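A.B. asks: Kindly generate the corresponding structure for this input.
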Amino acid sequence: MHDSVMLSRGHVQSSGFADGGARVEQGISTPARLTTRTLRRGALACLCLLVGLLAFGVIQRLSSSFHSLQCAVDKYVPFVPGAVVIYLSFFLLLPFCALIIPDDQFKVTLRASSTAALIAFAVYILYPTEHAAHPLGVIESGWLVRVYQCVHMIDRRTNCFPSLHVALSIIIAIGVTRSRPQLGFPVWVVATGIIISSVLTKQHYAADTIGGMVLAIGVSTHWGCRRTEAGTLGSTETPAP
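C.D. replies: Have a look, this model is predicted:
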C-alpha cells in the first residue's frame, strides 16, 4: 500500500514536471509566433499602402477634366507649410495599427480601409476633382520646398474628394479604439492632426475632409455591424453532440 502511494506521488510529480516543461516550452515559443504574425501584418499593411498608391497614381492620369469643390471657408484657411510633417505621418498609421491590434480587428480594419479606397477610387473616376495650385513660393525653408515637391510627385492636386487621408485615418483610429482602448486617445490625436493638416497643407478643401469623414463613418459602421453579427451567430451556435 505504501509503495503504491509513493508510486502515485511520483507519477503526479513527474506529470507536473512534464506539464511545467511543456508550459515553459510553450511560453518560449509563443512570443516568437506572435512576433512573426505581427511582422506579417505589418508587411501586409505596407504592401496595401504601396498597391493603393500605385492605383491612385494610375487613376490620377485617367482624367482630363476636373471639378472644383472650393467654398468660401477655404479662402480663410491659412497655408501652414510645416503641417506637411503631420500630413505624411499618415503613411505610418496603418503599419503601426498592424503592430498593436489583434488579428481579428486588423482584418476588419483592413477590409474597411480597402472598401473605403475602392469607393473613393470610383468617385475619382466618375467625378474627378482638382485643388488650386499650391503657394510654394511663400515657403522660406529649402527642405520644406523639397518635401512638398516630393509630395506633389506622389500625391498630385487631383482626385481630392473624398480625402483618403481623412477616411483611412478615422477608420484606423476606430479600429485601435475598439481593440486597444488605452491607445485610442493618442491615435485619435494623430488622426485629428492628419485631418487638420490636410487643409492646412492645401492638399484638400473642406468638402474633401467632410467627404472623407462621411465615408469613414459609413464603412466603419458597416464592417462593425458585420463583425457584431458574426460574433452573435457564433455565440448562439450549439455544439454538436
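
A.B. asks: Put the alpha carbons of stretch 99-115 into PDB.
C.D. replies: Coordinates of each C-alpha in stretch 99-115 appear next as PDB, following Å, rounded to 0.1, in the frame of the first residue of the first chain:
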ATOM      1  CA  LEU A  99       1.600  46.100 -34.800                       C
ATOM      2  CA  ILE A 100      -0.600  46.800 -31.900                       C
ATOM      3  CA  ILE A 101      -4.100  45.400 -32.600                       C
ATOM      4  CA  PRO A 102      -5.100  41.700 -32.700                       C
ATOM      5  CA  ASP A 103      -5.600  39.700 -35.800                       C
ATOM      6  CA  ASP A 104      -9.400  39.800 -35.900                       C
ATOM      7  CA  GLN A 105      -9.600  43.600 -35.500                       C
ATOM      8  CA  PHE A 106      -6.800  44.100 -38.000                       C
ATOM      9  CA  LYS A 107      -8.700  42.100 -40.600                       C
ATOM     10  CA  VAL A 108     -11.800  44.200 -40.000                       C
ATOM     11  CA  THR A 109      -9.800  47.400 -40.200                       C
ATOM     12  CA  LEU A 110      -8.100  46.300 -43.400                       C
ATOM     13  CA  ARG A 111     -11.400  45.300 -45.000                       C
ATOM     14  CA  ALA A 112     -12.900  48.700 -44.000                       C
ATOM     15  CA  SER A 113      -9.900  50.500 -45.400                       C
ATOM     16  CA  SER A 114     -10.000  48.600 -48.700                       C
ATOM     17  CA  THR A 115     -13.700  49.200 -49.000                       C
END
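
A.B. asks: could you pull out the helices for the protein?
C.D. replies: 2-60, 84-88, 90-100, 103-126, 142-154, 164-179, 181-200, 206-236 (DSSP state H).

A.B. asks: deepest of those helices, which one?
C.D. replies: helix 164-179 (a mean of 26; mean count of other C-beta atoms under 10 Å). C-beta coordinates here come from the backbone N, C-alpha and C atoms, glycine included.

A.B. asks: where's the closest residue to Gly52 other than its chain neighbours relative to Cys71, distance?
C.D. replies: Leaving aside its sequence neighbours, Gly52 sits nearest to Ala117 (C-beta to C-beta, 6 or more residues apart in numbering; 5.6 Å). Distance, Ala117 to Cys71, by C-beta to C-beta, to the nearest Å: 25 Å.

A.B. asks: Same check on Gly224?
C.D. replies: 31 Å.

A.B. asks: Stretch 61-75 - what's its average pLDDT?
C.D. replies: The average pLDDT within stretch 61-75 is 87.

A.B. asks: in it, what counts as buried?
C.D. replies: 63, 69, 74 (16 or more other C-beta atoms under 10 Å).

A.B. asks: could you redo those residues as a markdown table and give each row distance to Ser220?
C.D. replies: Shown next, in a markdown table, are those (distance: C-beta to C-beta, whole Å):
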| residue | distance to Ser220 |
| --- | --- |
| Ser63 | 28 |
| Leu69 | 23 |
| Asp74 | 26 |
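
A.B. asks: Of those, just say which sits nearest to Val80.
C.D. replies: Nearest to Val80 among the buried residues of stretch 61-75 is Asp74, at 13.9 Å by C-beta to C-beta.
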